[in-house]
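Asks: got a sequence here, can you build the structure:
(chains A, B, C and D)
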There are 2 protein chains.
Amino acid sequence: MLSHGKAANTTSIEGKPMTAPAVRSRKEFGKTLAVDITHRLRQDIVACRLKPGEPLKFDALRLAFGASFTTLREALTSLTADGLVIAEEQRGFRVAPVTTEDLFDVTNTRVLIEIELLKRSIENGGDDWEIAVMSTLHRLGRIEERLSGNHVEDPEWKIAHRQFHEALVSGGASPTLLGIRASLFERAERYRNLSSMFRPQSRDKVGEHRAIMQAAIARDTDLAISLIDRHIRSTSDNVVKYASHLLTQP
Amino acid sequence: MLSHGKAANTTSIEGKPMTAPAVRSRKEFGKTLAVDITHRLRQDIVACRLKPGEPLKFDALRLAFGASFTTLREALTSLTADGLVIAEEQRGFRVAPVTTEDLFDVTNTRVLIEIELLKRSIENGGDDWEIAVMSTLHRLGRIEERLSGNHVEDPEWKIAHRQFHEALVSGGASPTLLGIRASLFERAERYRNLSSMFRPQSRDKVGEHRAIMQAAIARDTDLAISLIDRHIRSTSDNVVKYASHLLTQP
DNA sequence: ATAGGTATTATTTTCGAAAATAGACCGTGG
DNA sequence: CCACGGTCTATTTTCGAAAATAATACCTAT
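Replies: Modelled structure (predicted):
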């Protein structure tokens, strides 16, 4: 089902001289266990280590994450709001299924939101925005050079990729829109991960990203919009092309 | 602080012959207590019976809702995702504060989303959509006739009003977008409720709604869009005008 | 055989006690 | 007087047991 060994936890050793090895808290992400488990569960779902549609039974989760009913319940409730988990009252939770319908829905919504945020960024983005866009793209390029071929599966590439897209829209500061965007990005990433397992060769993302960056920095709104639109949709088309057999058809 | 009597709990009377009048379950909204409490809490927050910024302490909530820590925690976690509750790790929950920044953010996002959905509805809406739009407007009109003057505070009017706006966008079937819209609508409604307590006279909503309906049914996309845009923004302007003293300035 | 009910088991949901943490209070030493 | 440190209190967070509910297996009467 999944991984997560109980993982020896040597986080946060406090400043005292020679105090015990301090097993203290496996909390990597948040202060409370619940938000920590939320993040870990989210990662497992996005990475498809937990398969779409799979039932999330408490006994199994309790074993895998070493937390109690209540804590897990809270984590699952959070993820339900993100659309990564489905809750059926009185009948437990399961990983949200992947469907072509949902993929298109997510993609269309993403296009709408990303375009709006990109517009605002181009309009209002200052020096720091430009720098963020350029530097995140640069890092992405470096990683791609190093990892010739299939970067898409590399965790470092994924982070850099996410950060570039985040930087791109960071100029238009709307907490609400940015929150929605982040959630949609993850839902989409799950589909990307699904197809990356079957995709033969990755297309020229380097060039695509560079073109988007240039249009944005040049404040060419129309061009930037049309590029990002194509970029997002082509990614989603790729999923349909290479992973359609994994999508449960309605 | 708030209402919600302890409400004697005569749940689950099993099917025996002549057992008591069966008060059966205070669960009005969902099957599980947690989702039920989520809804009740949501209503209390939207209606401002729970004041913006107010800390949500477990002891008090437990008394008011007659549920345990865990159940309340789950409810609060849900509401956090809706932007109605703020969670500060290790320091509990509190009702999301109201600020002009947030109001503008919500309003702008709403305009974006509602316009998109309205576009799609006008493009794809069939007979059932037209009928839904017209009949919900009709009901709204009737209620306004009956309640001359300040309808905005009337719960029946609120429901009819929400249903009209829901019908208007129900043609563009995107679960994701509709979910976002619903959440934003409630966040906005909280602000509306805030200002309605101080607004001297309600402006001509009847006419506004009718005009939107007519433009939509006539499939005049541009007109409908500009009307809904103005409608949403003017509502928000009203809040600033009459309730600005309640908004915590940054 | 089979529909319909009934006991059994599996699983989720809810609870209140116990642990962990933050916040307030208070005295002490600079 | 103020800063620092430690104790006590208020509050949140986590746990595992207990209750409620759904799923399954089994039995009986038609």
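Asks: just the element for the residue most central in space within chain A, please.
Replies: Centroid check for chain A by Cα atoms, centre = their mean gives residue A:186 as the closest residue, at 3.3 Å. Taking DSSP states H and E as the criterion, residue A:186 maps to helix A:175-196.
Asks: return the distance of residue A:162 relative to DNA strand D.
Replies: Distance, residue A:162 to DNA strand D, using Cβ to the nearest atom of the strand, to the nearest Å: 26 Å. Quick note: C-beta positions are derived from backbone N, CA and C, even for glycine.
Asks: kindly report the same for residue A:238.
Replies: 36 Å.
Asks: off-centre distance for stretch A:84-100?
Replies: 18 Å (Cα atoms, centre = their mean, to the nearest Å).
Asks: scratch that, stretch A:174-186 is what I was asking about
Replies: 11 Å.
Asks: in it, which residues are buried?
Replies: Within stretch A:174-186, the residues that count as buried by 16 or more other Cβ atoms under 10 Å in any protein chain shown are A:174, A:176, A:177, A:178, A:180, A:181, A:183, A:184, A:185, A:186.
Asks: and what of stretch A:66-86?
Replies: Neighbour-count burial for stretch A:66-86 flags A:67, A:70-86 (criterion: 16+ other Cβ under 10 Å).
Asks: was I right to think the residue nearest to the centre of chain A contacts residue A:42?
Replies: Yes: using Cβ atoms under 8 Å, residue A:186 makes contact with residue A:42 at a distance of 7.0 Å.
Asks: coming back round to it: after the helix holding residue A:186, next one along is what?
Replies: Assignment by DSSP H and E places the next element after helix A:175-196 at helix A:205-217.
Asks: bridging residues for residue A:56?
Replies: In this entry, residue A:56 is beta-bridged to residue A:93, by DSSP bridges.
Asks: quick one, grab the pLDDT at it.
Replies: Reported pLDDT at residue A:56 in the predicted model: 97.
Asks: ok, it - contacts?
Replies: Residues near residue A:56 by Cβ atoms under 8 Å, 6 or more residues apart in numbering or on different chains: A:50, A:76, A:85, A:92, A:93, A:94, A:95.
Asks: repeat for residue A:46
Replies: A:84, A:186, A:189, A:190, A:193.
Asks: now it: closest residue in space that isn't a chain neighbour?
Replies: residue A:190 (4.8 Å; Cβ to Cβ, 6 or more residues apart in numbering or on different chains).
Asks: isn't that neighbour right up against residue A:98?
Replies: Yes: with contact defined as Cβ under 8 Å, residue A:190 reaches residue A:98; the gap is 7.0 Å.
Asks: hey, what's in contact with both of those two?
Replies: Common neighbours of residue A:190 and residue A:98, counting by Cβ under 8 Å, 6+ apart, are residue A:52.
Asks: before we move on, back to that, burial check on the residue nearest to residue A:46, number of neighbours?
Replies: Neighbour count of residue A:190, defined by other Cβ atoms under 10 Å in any protein chain shown: 23.
Asks: kindly report the same for residue A:233.
Replies: 15.
Asks: for it, give its distance to residue A:227.
Replies: Counting by Cβ to Cβ, to the nearest Å, the separation of residue A:233 from residue A:227 is 11 Å.
Asks: measure residue A:166 to chain B for me?
Replies: 18 Å (Cβ to the nearest Cβ, to the nearest Å).
Asks: buried sites along the host helix or strand of residue A:39?
Replies: Following DSSP H and E, one finds residue A:39 within helix A:33-46. Within helix A:33-46, the residues scored as buried using 16+ other Cβ under 10 Å are A:33-42, A:44-46.
Asks: residue contacts, the nearest residue to residue A:48 once chain neighbours are set aside?
Replies: Among residues not flanking residue A:48 along the chain, residue A:193 sits closest, at 5.2 Å (Cβ to Cβ, 6+ apart). When contacts are counted by Cβ under 8 Å, 6+ apart, residue A:193 touches A:46, A:47, A:48.
Asks: Throw those into CSV and include pLDDT, thanks.
Replies: As requested, the contacts of residue A:193 are exported to CSV (pLDDT from 0 to 100):
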residue, pLDDT
A:46, 97
A:47, 95
A:48, 95
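Asks: farthest-separated two in the contacts of residue A:46?
Replies: A:84 and A:193 (12.4 Å; Cβ to Cβ).
Asks: residues in contact with the residue of chain A found nearest chain B?
Replies: Closest contact between chain A and chain B, by Cβ to the nearest Cβ, is at residue A:81 (3.2 Å). Residues in contact with residue A:81 (Cβ under 8 Å, 6+ apart) are B:78, B:81, B:82.
Asks: the helices in chain A, which residues?
Replies: A:33-46, A:58-65, A:69-81, A:100-124, A:127-146, A:155-169, A:175-196, A:205-217, A:221-243 (DSSP state H).
Asks: need the CA coordinates for the second one. PDB is fine.
Replies: By that I understand helix A:58-65. Taking Å, rounded to 0.1, in the frame of the first residue of the first chain, the C-alpha atoms of helix A:58-65 are listed here in PDB:
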ATOM      1  CA  PHE A  58      -8.100   3.900   9.400                       C
ATOM      2  CA  ASP A  59      -6.500   0.800  10.600                       C
ATOM      3  CA  ALA A  60      -4.100   0.800   7.700                       C
ATOM      4  CA  LEU A  61      -3.400   4.500   8.000                       C
ATOM      5  CA  ARG A  62      -2.800   4.200  11.700                       C
ATOM      6  CA  LEU A  63      -0.200   1.600  11.000                       C
ATOM      7  CA  ALA A  64       1.500   3.500   8.200                       C
ATOM      8  CA  PHE A  65       1.600   6.900   9.900                       C
END
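Asks: run through the neighbouring helices and strands of that helix.
Replies: If you count contacts as 3 or more Cβ pairs under 8 Å, 6 or more residues apart in numbering or on different chains; DSSP states H and E, helix A:58-65 packs onto helix A:33-46, helix A:69-81.
Asks: same list, those, but as TSV with distance to DNA strand D please.
Replies: Shown next, in TSV, are these (distance: least, Cβ to the nearest atom of the strand, whole Å):
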stretch	distance to DNA strand D
helix A:33-46	3
helix A:69-81	4
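Asks: of all those helices, which lies closest to residue B:218?
Replies: Residue B:218 sits nearest to helix A:69-81 of all the helices and strands packed on helix A:58-65, at 37.5 Å, using Cβ to Cβ.
Asks: care to break chain A down by domain?
Replies: What the record gives for chain A is the domain set A:1-97, A:100-246, from automatic domain parsing.
Asks: least reliable of the ones you listed going by mean pLDDT?
Replies: domain A:1-97 (a mean of 78).
Asks: hmm, residue A:73 is touching residue B:71, no?
Replies: No: the criterion here is Cβ under 8 Å, and residue A:73 misses it with residue B:71 at 9.4 Å.
Asks: can you redo the helices and strands packed on helix A:58-65 as CSV with distance to residue A:120?
Replies: Output for the helices and strands packed on helix A:58-65, formatted as CSV (distance: least, Cβ to Cβ, whole Å):
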stretch, distance to residue A:120
helix A:33-46, 27
helix A:69-81, 25
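Asks: that older thread, any figure for the gap between the residue of chain A closest to chain B and DNA strand C?
Replies: Taking Cβ to the nearest atom of the strand, one finds residue A:81 at 15 Å from DNA strand C.
Asks: before we move on, what about residue A:142?
Replies: 38 Å.
Asks: and residue A:178, by the same measure?
Replies: Here the criterion is Cβ to the nearest atom of the strand. By it, residue A:178 lies 27 Å from DNA strand C.
Asks: residues contacting that residue?
Replies: Residue A:178 neighbours (Cβ under 8 Å, 6+ apart): A:117, A:169, A:170.
Asks: how about residue A:65?
Replies: Taking Cβ under 8 Å, 6+ apart as the test, what residue A:65 contacts is A:4, A:37, A:40, A:41, A:72.
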